[in-house]
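Participant: Have a look; sequence and predicted model below, questions after that.
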2 protein chains.
Amino acid sequence: MKVITSVTAAQKLFLKLKNKKIGLVPTMGALHEGHASLIRKARKENDIVTVSIFVNPLQFGKNEDFKKYPRPMRNDIGICRQNDVDYVFHPDARQFCRADSLTEVGVKKISDVYCGKFRQGHFKGVATIVLKLFNVIQPANVYFGEKDFQQLFIIKKLVRDLNVPVRIIACPTVREKTGLAISSRNAYLNECEKQLAPLIYGTLQEARKKVIRGGLKTAAGVRKFVRTKLSPLIKGVRGLSSPIKIQYIEVINPKTLERTPHIDKRNFRLLIACFVGSTRLIDNV
Amino acid sequence: MKVITSVTAAQKLFLKLKNKKIGLVPTMGALHEGHASLIRKARKENDIVTVSIFVNPLQFGKNEDFKKYPRPMRNDIGICRQNDVDYVFHPDARQFCRADSLTEVGVKKISDVYCGKFRQGHFKGVATIVLKLFNVIQPANVYFGEKDFQQLFIIKKLVRDLNVPVRIIACPTVREKTGLAISSRNAYLNECEKQLAPLIYGTLQEARKKVIRGGLKTAAGVRKFVRTKLSPLIKGVRGLSSPIKIQYIEVINPKTLERTPHIDKRNFRLLIACFVGSTRLIDNV
């Protein structure tokens, strides 16, 4: 396994490898079982597996966690090695995001809703860097987790709109035994928050079942159900301030990403974003 | 020579050809000697030469000449054949610019000055389509004329910023014997305008010489010199309305595209955009 930090060297290398089928797993590091599942799938389907590790400054807002985002490089490289990765692309930030860069890639409309509404410029930052990674690594297949459902949708749209010759492969969210979606940001949770966080997924699952059985028919109903279920945690209990703050709960058509006030029970997805303590978590079912 | 109109077919074809060195000449058709010179250069330097012909709707403003832009396809195909082109990519507009497309590529700041100031959204349209062409055709080398100096600069910046693995090759402007820069839009000129249009280049050349000899030291001086020289035509003569309207005259540093109020006589470029009658022409020296 080789770790490449020079952007120019990477570009030369991957041009030489253009006869090989390259699978790319783009990550911001702090690799976990979710990433490992993507890497294993990539390993099965490609000649060469590349993992990119880059904490992308463009996708963090001013008051977000760019600086404190975990960067356990040694551990990450261990996970890549264990999973038989060929190349880790860990670009030098000043070389990869040059200060004089002027080019932006944006996917209109669908970048401004849901998470995009609360994280201004986030998806523009994602789209720009993802396209740069595609250009350097020239993958045939790229693997993303479904946890970041909106991101996945936006990247698929970007690829289609710009005729990028890659296939985007969506992989199911990997969860803890408790149901909590595995995320690098789970590392921010304290012991108490770790106990509470799985309730998000549990409640989403309950809502999902109710929709399928016909007990919940509208997005407003789902919203009310989830808020009521989590209400002791939203309101705060026993003198503690509220440990969970919901940013949004949305019911969407997964084919268009559009809101569906009246739910089609054969074709819907529930999205949630909330803070558990000061940690922002997202999930969807 | 093969003409390809299906985007999907083109994408498949060029993926198969990825071992070949492909040279691309992107055009909007109405091919002339300027394009032919690019094609000939591409022919010398690549295994395969592709000419794209696509009148890009995204780069025209609402009141511009999208509809009347010349589309002499038969003649264009003849010129390509004569110059030993391998593939003409002439994509179906509805397939290549889908109505549901949401993705935009923009190069900030340098797209908003000079021509960009007068043609809102023009360079975003250029950048988006050019990147799509690169993604479909996967060229090693791409050829542009220097006549569109700002466009060339923006595309070079786009390629660098997004790590696109292509080399942009700038080729000198081809001119009529009169000095007039050859352009598809010259076809709009009437007989009288054809006589006047070469004065633009002539005046630019005079200004250039004066700068080099130290007679003109500032952008303001150049502007005044050009306006004075062309003044009978700007003001209108013999009862005719003014045949030439100057949109801008700028003196820039060709390495940064920045305005240089005080000219460095070893490193400058004069840009002009003007209307001759109702035809907008640009040139630079």
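Facilitator: The structure has been received and is ready for your questions.
Participant: which parts of the stretch 1-150 of chain A sit against chain B?
Facilitator: A:7, A:11, A:15, A:18-19, A:98, A:101-110, A:127-128, A:131-132, A:135-136, A:138 (C-beta under 8 Å from any C-beta of the partner chain). (Each C-beta comes from the backbone N, C-alpha and C, glycine too.)
Participant: For the stretch 151-285 of chain A, give the residue positioned nearest to chain B.
Facilitator: As assessed by C-beta to the nearest C-beta, chain B sits closest to residue A:161 within the stretch 151-285 of chain A, at 3.6 Å.
Participant: per-residue pLDDT, the residue nearest the centre of chain A?
Facilitator: In chain A, the residue lying closest to the centroid (C-alpha atoms, centre = their mean) is residue A:148, at 3.3 Å. pLDDT, the model's per-residue confidence, is 95 for residue A:148.
Participant: if we can go back for a sec, neighbours of the closest residue in space to the residue of the stretch 151-285 of chain A closest to chain B that isn't next to it in sequence, how many?
Facilitator: For residue A:161, ignoring the flanking residues on the chain, the nearest one in space by C-beta to C-beta, 6 or more residues apart in numbering or on different chains is residue B:103 at 3.6 Å. Using other C-beta atoms under 10 Å in any protein chain shown, residue B:103 is surrounded by 22 other residues.
Participant: what about residue A:88, which SS state?
Facilitator: strand (DSSP: H, G, I helix; E, B strand; the rest coil).
Participant: can you pull up the bridge partners for it?
Facilitator: Going by DSSP bridges, residue A:88 is paired in beta bridges with residue A:3, residue A:51.
Participant: mind listing the helices for the stretch 151-285 of chain A?
Facilitator: Ranges of helices within the stretch 151-285 of chain A are A:191-196, A:198-213, A:219-229, A:231-235, based on DSSP state H, counting those that start in this stretch.
Participant: Confidence-wise, which of those is weakest overall?
Facilitator: Across these, helix A:231-235 gives the lowest mean pLDDT, at a mean of 81.
Participant: List the contacts of that one.
Facilitator: Residues from elsewhere that reach helix A:231-235 (C-beta atoms under 8 Å, 6 or more residues apart in numbering or on different chains): A:196, A:199, A:227, A:242, A:243, A:244, A:245, A:246.
Participant: Only whichever of those are buried, select them in PyMOL.
Facilitator: Listed next is the PyMOL selection for buried residues among these, using 16 or more other C-beta atoms under 10 Å in any protein chain shown:
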select buried, chain A and resi 196+199+242+243+244+246
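Participant: State the distance spanning the first to the last residue of stretch A:57-71.
Facilitator: 13 Å (C-alpha to C-alpha, to the nearest Å).
Participant: Just the buried positions in that stretch, please.
Facilitator: A:58, A:59, A:60, A:69.
Participant: now swap in stretch A:113-131 and tell me
Facilitator: A:113-116, A:119, A:121-131.
Participant: follow-up on the earlier one: give me every residue that touches the residue of the stretch 151-285 of chain A closest to chain B.
Facilitator: Contact analysis of residue A:161 by C-beta under 8 Å, 6+ apart lists A:107, B:98, B:101, B:102, B:103.
Participant: same check, this time on residue A:257
Facilitator: A:110, A:113, A:150, A:153.
Participant: same thing with residue A:43?
Facilitator: By C-beta under 8 Å, 6+ apart, the contact list for residue A:43 reads A:23, A:49, A:83, A:84, A:85.
Participant: Then the second one would be within a strand, right?
Facilitator: Okay, so that is residue A:49. Yes. Counting by three-state DSSP, residue A:49 is part of a strand.
Participant: Can you report how many residues neighbour it?
Facilitator: 28.
Participant: right, and it touches residue A:17 too?
Facilitator: No. The pair residue A:49 / residue A:17 is not scored as a contact, 11.8 Å apart, by C-beta atoms under 8 Å.
Participant: Quick one: low-confidence residue ranges for the stretch 51-200 of chain A.
Facilitator: For the stretch 51-200 of chain A, applying pLDDT under 70 flags no range at all.
Participant: A helix includes residue A:10, no?
Facilitator: Yes. With three-state DSSP as the criterion, residue A:10 is part of a helix.
Participant: list the contacts for the residue of the stretch 1-150 of chain A at minimum distance from chain B?
Facilitator: Closest residue of the stretch 1-150 of chain A to chain B, C-beta to the nearest C-beta: residue A:103 (3.6 Å). Residue A:103 makes contact with A:128, B:105, B:106, B:107, B:108, B:127, B:157, B:158, B:161, B:162, according to C-beta under 8 Å, 6+ apart.
Participant: Count residues in the vicinity of the third one, would you?
Facilitator: Read it as residue B:106. Counted with other C-beta under 10 Å, residue B:106 comes out at 21.
Participant: Check which helix or strand it maps to.
Facilitator: Assigned by DSSP states H and E, residue B:106 falls within strand B:103-107.
Participant: And the helix or strand just after that strand, how far out from the chain middle?
Facilitator: As assigned by DSSP H and E, the chain's next helix or strand after strand B:103-107 is helix B:115-118. Centre-to-centre, helix B:115-118 and its host chain are 14 Å apart (C-alpha atoms, centre = their mean, to the nearest Å).
Participant: just checking, what packs against helix B:115-118?
Facilitator: The contact analysis (3 or more C-beta pairs under 8 Å, 6 or more residues apart in numbering or on different chains; DSSP states H and E) places helix B:115-118 against helix B:122-137, helix B:149-161, strand B:244-253.
Participant: And residue A:92, how close does it get to residue A:8?
Facilitator: According to C-beta to C-beta, to the nearest Å, residue A:92 stands 10 Å off from residue A:8.
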